[in-house]
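Chemist: heads up, no residue letters with this:
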């Protein structure tokens, strides 16, 4: 993970940190509702329950799962735009409920966001590097 995106279990939520997002379909059973006062709950940023169930039946599908999930995210920017903006302006903490295995859907979301951050950085840097081209005197 990049330094702009940090993954933590919901039980390890940093107390004095901004840009903290809980990514869970349901509120974690082990945590009282008031225990994450600075965290924003974004259940819609997660993959559809059917897609998660499909992955859990066969973990070898993780690559195809990521492709499908990322295509869905790409078609629905409002689901993740706040996360990208937070990551671009000083980092973001993504809280998850459950295991932190390599097949964690929050890890897949973090990879998606990192790719978007890298693309933004590339195009921003390209704009800084390029020089204007003068077409004066050219006829159409």
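Modeler: Perfect, thanks for sending it. Note that this is a predicted model, so its numbers are computed, not measured.
Chemist: residue ranges in this structure under the pLDDT threshold?
Modeler: Regions of the chain meeting the criterion pLDDT under 70 cover residues 1-2, 100, 121-140.
Chemist: how about the strands in the chain?
Modeler: 5-9, 20-23, 39-41, 92-96 (DSSP state E).
Chemist: which of these sits most buried?
Modeler: strand 92-96 (a mean of 24; mean count of other C-beta atoms under 10 Å). To be clear about C-beta, it is placed using only N, CA and C from the backbone, and glycine gets the same treatment.
Chemist: name every strand pairing with that one and say which way it goes.
Modeler: Each strand pairing with strand 92-96, determined using DSSP bridges, is listed with its direction: strand 5-9 (parallel), strand 20-23 (parallel).
Chemist: now the ones you listed as TSV including distance to residue 108?
Modeler: Putting those into TSV (distance: least, C-beta to C-beta, whole Å) gives the following:
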stretch	distance to residue 108
strand 5-9	11
strand 20-23	11
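Chemist: redo the strands of the chain as CSV? Include distance to residue 52.
Modeler: Formatted as CSV, the strands of the chain follow (distance: least, C-beta to C-beta, whole Å):
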stretch, distance to residue 52
strand 5-9, 17
strand 20-23, 12
strand 39-41, 18
strand 92-96, 13
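Chemist: sorry, back to before: for residue 81, find the nearest of the strands paired with strand 92-96.
Modeler: Taking C-beta to C-beta as the measure, the strands paired with strand 92-96 were each checked against residue 81, and strand 20-23 came out nearest at 12.1 Å.
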